[in-house]
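Chemist: model this:
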Amino acid sequence: MDELSGGIVERLDAASAAFLNASGLAKASPMGMGLYRIEPVGKVGSIRTSTVQLEVRPKDRLGLSRLLFLLSFAGEQGFRPDSVAASEDRELWSALAESLAQLAERALGRGVLQGYLTVDESLRTVKGRIRISDQISRRPGMLVPLEVSYDEFTEDIAENRILRAALERMGQVPRVRPEVLSRLRQLKGKLDAVTRLPAGAPLPPWTPGRMNVRYHAVLRLAELILRNASAEAGEGKQQTAAFVVDMEQVFEDFVGTALREAMAAYPGEMRLQYNALLSEAVRDSDRLSVRPDAVHMLGGRPVVVYDARYKAASDLGASLTADHYQMLAYCTALKVPTAWLVYAGAGEVKLRRILNTDIDVVEFPLDLSRPPSEILAAIGELARQSWGEVVRTARTGA
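Modeler: Numbers count the residues shown, from 1 in each chain. Take a look at the predicted model:
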């Protein structure tokens, strides 16, 4: 179903209904006689068990490559158009599994990446350097064993641990096509010497560079899978898998990160999630505050404010008036004359001049159905226009 859908009615067993409700992707409300009304709750993704599969797609039916582009951009440069290899007409899990398999095959085609790993050990001979403080605290007065640290050239590095964990997780998803599942298992077999990441453990840090360039694309996808997907398989358990993302948060993060990069070409600095007071009060608990998604600062003061809205007024349940009230509050609190309301959708740029004020609210559409290069070009145009307005205001003293 589409994320703006009014819901569907399906027959479910109680366990599947409970899993849907626990996933955060949809709400399953009982209607009697085994029927449930299934409604989206503002998230997109896919959940799957051995008997049920539900997909909630982004509005405008954005494909997997566009979704992953938006997801990846905040953490790193976005995926190139050819980085997500799955065709768009497949369902989410098949597309994710196929993409991971293809990117992993490219990464491992020339063998498993090796690198230096710092190892701390207790040895009877000197290797590397002696950790004097550990030696004194752990073995006072003893000459052996020695507490040493040394660098080992090994496959057991962060890049391979992340990749192995993603291959394992996708291998647990029920009803992945057998040929893709076989490829995932073969790829994981190449990493059997790599330490397995415990469930729930934080992902180890890695640094993109020349030596691991062939891993860059697959690691970005692997991290997205590990952060947004869960899967369970085992004896006595129903196989389940869930990939759930909050498109409001994804869009907000993407716009903020991309806009900060675009505004780096102009004087000043961009601050994301900027806190400002809206009211005065004797007690701190009585103060009202605002927190726009992005504020551009010049000479230590705000000169332009931006806010991202994934749902525009044409979307079900969205309120254009409420958005403009909020933008008016931002401009008032920050003493800036113009606010830019960036929303996901097609359309024309619109200027709303607020009556009895010197405040303008500019509606700036961002069409997510366009290729990634065009989306980023639109962000660049937003930066150019908003900076131009700052310059115009400064010249006229408005």
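Chemist: buried set for the helix or strand where T321 lies?
Modeler: In this structure, T321 is located in helix 320-334 according to DSSP states H and E. By neighbour count with 16 or more other C-beta atoms under 10 Å, helix 320-334 contains the buried residues D323, H324, Q326, M327, L328, A329, Y330, C331, A333, L334. Every residue, glycine included, has its C-beta placed from N, CA and C.
Chemist: by contact count, what packs against the helix or strand encompassing A101?
Modeler: With elements delineated by DSSP H and E, A101 resides in helix 92-108, which encompasses its position. Contact here means 3 or more C-beta pairs under 8 Å, 6 or more residues apart in numbering; DSSP states H and E; on that basis helix 92-108 packs against strand 44-49, helix 64-73, helix 158-171, helix 178-189, helix 216-228, strand 240-245.
Chemist: swap in 6 Å and give it another go.
Modeler: Identification of packing neighbours for helix 92-108 by 3 or more C-beta pairs under 6 Å, 6 or more residues apart in numbering; DSSP states H and E yields strand 44-49, helix 178-189, helix 216-228.
Chemist: and it, how far out from the chain middle?
Modeler: 18 Å (C-alpha atoms, centre = their mean, to the nearest Å).
Chemist: tell me which residues in it are buried?
Modeler: Residues of helix 92-108 classed as buried: 92-104, 107-108 (neighbour count, 16+ other C-beta under 10 Å).
Chemist: okay, now the sheet partners of whatever helix or strand comes next after that helix, with direction.
Modeler: The helix or strand immediately downstream of helix 92-108 is strand 115-123, counting by DSSP H and E. Taking DSSP bridges as the criterion, strand 115-123 forms sheet pairs with strand 146-154 (antiparallel).
Chemist: next, the angle helix 158-171 makes with the strand it pairs with.
Modeler: Using axes from the mean of the first three to the mean of the last three C-alpha atoms, to 10 degrees, one finds that strand 146-154 and helix 158-171 are set 70 degrees apart in direction.
Chemist: numbering from 46 from now on, please.
Modeler: Sounds good: first residue 46 from here, last item strand 191-199.
Chemist: flag the shaky bits of the stretch 246-395 of the chain, pLDDT-wise.
Modeler: The stretch 246-395 of the chain contains residues with pLDDT under 70 at 278-283, 326-330, 357-365.
Chemist: run the last query once more with 90
Modeler: Judged against pLDDT under 90, the low-scoring parts of the stretch 246-395 of the chain cover residues 246-247, 252-253, 262, 265-266, 269, 272-295, 318-336, 345, 355-371, 390-392.
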